[in-house]
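Asks: quick one, what's the 3D model for this:
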Amino acid sequence: MNELTKFMKNSASQIKDPESFKEFYNFSFDYAKPLRTTGLDLLTAIAYWKIIFVKNQRVDKWISFLEKEEKRGVTKDEWKIFLDFLNTVKEDFSNYDPEDAWPVRIDDFVDFCKESC
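Replies: Take a look at the predicted model:
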């Protein structure tokens, strides 16, 4: 696992192009996902987010939220949309529209942050 962590950190930091990073990010889900499953267990998803997004406060808040509020795994859709959320929604959530097609988990995260962050 240490070798994978080193590889992932190095790869993520070298990918500067947003589209290439998105491809890398989406690939990491498929790489981490066990065969014959449709999602990642929560601990695996958290481990990968920590590796991919080193020292990212927004991701750290997301992980804290998941550790406190959720016990279920992460779907591929949630994985992909979380990156879109990071790339489009401002840190203060001023441009967040709950009427957009965000997964409920992200809506709950925004509510969590507005109440406790």
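
Asks: contact partners for the residue nearest the centre of the chain?
Replies: With distances taken as Cα atoms, centre = their mean, residue 82 lies nearest the centre of the chain, 5.0 Å away. Contacts for residue 82 (Cβ atoms under 8 Å, 6 or more residues apart in numbering) come out as 62, 106. Every C-beta, even on glycine, is put in place using the N, C-alpha and C of the backbone.

Asks: any idea whether it is helix, strand or coil?
Replies: Recorded secondary structure, residue 82: helix (DSSP: H, G, I helix; E, B strand; the rest coil).

Asks: in this protein, where's the longest helix?
Replies: Ordering each helix of the chain by length in residues (DSSP state H) puts helix 18-32 first.

Asks: let me see the mean pLDDT of the next helix or strand after it.
Replies: Remark: after helix 18-32, the chain's next helix or strand is strand 39-40, criterion DSSP states H and E. Averaged over strand 39-40, pLDDT sits at 94.

Asks: strand 39-40 pairs with which strands, and in what direction?
Replies: strand 74-75 (antiparallel) (DSSP bridges).

Asks: output the contacting helices and strands for the longest helix of the chain.
Replies: Secondary-structure packing of helix 18-32 (3 or more Cβ pairs under 8 Å, 6 or more residues apart in numbering; DSSP states H and E): helix 2-14, helix 42-52, helix 76-88.

Asks: mean pLDDT for these: which is lowest?
Replies: For those, where the average pLDDT is lowest is helix 2-14, sitting at a mean of 62.

Asks: mind listing what's buried along the helix or strand harbouring residue 107?
Replies: Using DSSP H and E, residue 107 sits within helix 104-116. For helix 104-116, a neighbour-count test (16 or more other Cβ atoms under 10 Å) marks 105-106, 109-110, 112-113 as buried.
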